[in-house]
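Asker: generate coordinates for the sequence data below:
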Amino acid sequence: MKRMAMCTILLAGPVLALGQANQNAVAPVAPVNNPIVPPPVTQNYNGGWGGYGGGQTPEGAALQGLSQVISASGQAHLANSAAAINWTQAQSNEMRNEVQGVQTFWAMRDIGKAEREKERGPRPTPEDLARYARAGKPHPLNTNQIDPVTGQLHWPSALQQDMFNAQRGPVDELAAKWVKYGTLQYADQTVMRQNIDAMFDALKGQITSIPPQDYVQCRTFLQSLLYATTQTTF
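Answerer: Modelled structure (predicted):
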């Protein structure tokens, strides 16, 4: 029995050393973007002590089982380590993807803004805005439209119809007052705007029954009169 125990110890030494070597083996470093997979186990112990005809004794089978348990433990540690590395790598890739997504969003936003500004052209300067405002103002009244001394208005023919009588009277009085004093009080300006707006609305109702040139002449006259006396337009 002592001899058998001693032989068992002597045979167990290499097997344990082999299992320990497998447990301490380090898998090769994989690229950052590739998952780490532990190598397959190919160990196979076929030896035996005291066997006959290439067979295996109970002691040899016990030693083989012990070596496989030790090897499996090493493989388990290696697999756990590879799983931890893969999980860390996946989280790192996810963070990089999020950062790249944010950067792409802002880059596309800047490109779109630059393209819109390119299509819109240069922004107008204060001088351009002032010129546009002057160009949009109605033409001032001329002497063919108003007497500069008395303020008498020379109405276009279409506005001399009876349907405009109710508005022409107040407008004539306010126009004379405007020429005399050079300006109108706010209340007078309000009355002027109301009457001219009423005349313009009635004129639009006749747009299909009067010649186009007469309509344009009346509209221009009312616009110039309104702007000259109230500094507003319709």
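
Asker: run through this structure and note the low-pLDDT ranges.
Answerer: 1-56, 121, 124, 128-136 (pLDDT under 70).

Asker: would you map the helices across it?
Answerer: 2-24, 58-120, 126-136, 165-181, 186-204, 212-230 (DSSP state H).

Asker: winner for burial among those helices?
Answerer: Highest mean neighbour count among these (mean count of other Cβ atoms under 10 Å): helix 212-230, with a mean of 18. Heads up, the C-betas are built off the backbone N, CA and C, glycines and all.

Asker: ok now that helix, how far from the chain's centre?
Answerer: 47 Å (Cα atoms, centre = their mean, to the nearest Å).

Asker: isn't residue 152 right up against residue 178?
Answerer: No - counting by Cβ atoms under 8 Å, residue 178 is not a contact partner of residue 152; they are 11.8 Å apart.

Asker: got the helices of the chain as TSV, with distance to residue 159 columns?
Answerer: Output for the helices of the chain, formatted as TSV (distance: least, Cβ to Cβ, whole Å):
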stretch	distance to residue 159
helix 2-24	109
helix 58-120	42
helix 126-136	23
helix 165-181	7
helix 186-204	7
helix 212-230	5
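
Asker: closest one to residue 158 among these?
Answerer: helix 212-230 (4.7 Å; Cβ to Cβ).

Asker: which elements pack onto the closest one?
Answerer: If you count contacts as 3 or more Cβ pairs under 8 Å, 6 or more residues apart in numbering; DSSP states H and E, helix 212-230 packs onto helix 165-181, helix 186-204.

Asker: break the chain down into its domains, please.
Answerer: 2-118, 138-230 (automatic domain parsing).

Asker: how about these in JSON lines, adding distance to residue 126?
Answerer: Converted to JSON lines, the domains of the chain look like this (distance: least, Cβ to Cβ, whole Å):
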{"stretch": "domain 2-118", "distance to residue 126": "19"}
{"stretch": "domain 138-230", "distance to residue 126": "22"}
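
Asker: nearest to residue 125 among the ones you listed would be which one?
Answerer: Among the domains of the chain, if distance is taken as Cβ to Cβ, the winner is domain 2-118, at 15.7 Å.

Asker: can you give me the end-to-end span of stretch 201-220?
Answerer: 14 Å (Cα to Cα, to the nearest Å).

Asker: return the distance of that stretch from the chain's centre.
Answerer: 48 Å.

Asker: for the remainder of this discussion, apply numbering that starts at 359.
Answerer: Understood, numbering begins at 359; the last thing we discussed is stretch 559-578.

Asker: quick one: residues in contact with it.
Answerer: 496-497, 514-517, 521-522, 558, 580 (Cβ atoms under 8 Å, 6 or more residues apart in numbering).

Asker: and the two most separated of those?
Answerer: By the measure Cβ to Cβ, 497 and 521 form the most distant pair in these, at 25.6 Å.

Asker: for residue 539, give its distance to residue 431.
Answerer: Separation of residue 539 from residue 431 (Cβ to Cβ, to the nearest Å) stands at 110 Å.

Asker: correction: residue 500
Answerer: In terms of Cβ to Cβ, residue 500 sits 108 Å off from residue 431.

Asker: and for residue 474?
Answerer: From residue 474 to residue 431 the distance is 65 Å (Cβ to Cβ).
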